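> quick one, structure for this:
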Amino acid sequence: MAETLPDKLQLEIVTPTRQMFVGEVDEVTVPGLDGYLGILPGHAPLLSELKVGVLSFRIGSERTKLFCGWGFVEVLPDQVSVLAETAETPNEIDIDQASQAKLEAEAQLRSKATDTDYQQVMDSWEAAIARLNAADVPVK
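Just a heads-up that it's a prediction; the model follows:
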């Protein structure tokens, strides 16, 4: 007899300071270390490191986006657990600050300074872009 696949995922998103979300969802997308992972009910078990990006989940036709950065995701056929170092809802994102961080990082990348920590600047730039994307702000 064939095994019945779950029709929902139990999603939990937590940071060191709070529980961001707990509930049933139809689909989850997380920024994995090697790219975005789309997760549906019945997904094969996996454990992945998270990078900075936009985490989204869908309940019916409503999609919710969050900025998240660093951490881990554990996927089971009927459950997704996200342990993020940081996460922000679109309402919590300071758009002016994210835009300024993006511009500053781009200026540092264009500069000829020899003491620039390239990886740190790229991390800052990626975080700024992800925050703007989570807040649905067009990025140029």
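> C-alpha only now, for contacts and for neighbours.
Noted.
> any idea how far Phe67 is from Leu46?
The spacing between Leu46 and Phe67, counted by Cα to Cα, to the nearest Å, is 22 Å.
> of these two, which one has the most company?
Phe67 (27 against 11; other Cα atoms under 10 Å).
> beta partners for that one?
Beta-bridge partners for Phe67, by DSSP bridges, are Val54, Glu88.
> ok, it - contacts?
The contact partners of Phe67, by Cα atoms under 8 Å, 6 or more residues apart in numbering, come to Val52, Gly53, Val54, Leu55, Ala87, Glu88, Thr89, Pro90, Ala130, Arg131, Ala134.
> equivalent analysis for Pro90, please.
Pro90 is in contact with Lys65, Leu66, Phe67, Arg131, Ala134, Ala135, counting by Cα under 8 Å, 6+ apart.
> related to what we said a few turns ago, which of the contacts of Phe67 has the most neighbours?
Ranking the contacts of Phe67 using other Cα under 10 Å puts Arg131 first, with 31 neighbours.
> how close does the residue nearest to that one when sequence neighbours are not counted sit to Glu126?
Leaving aside its chain neighbours, Arg131 sits nearest to Phe67 (5.5 Å; criterion: Cα to Cα, 6 or more residues apart in numbering). Using Cα to Cα, one gets 11 Å for the distance from Phe67 to Glu126.
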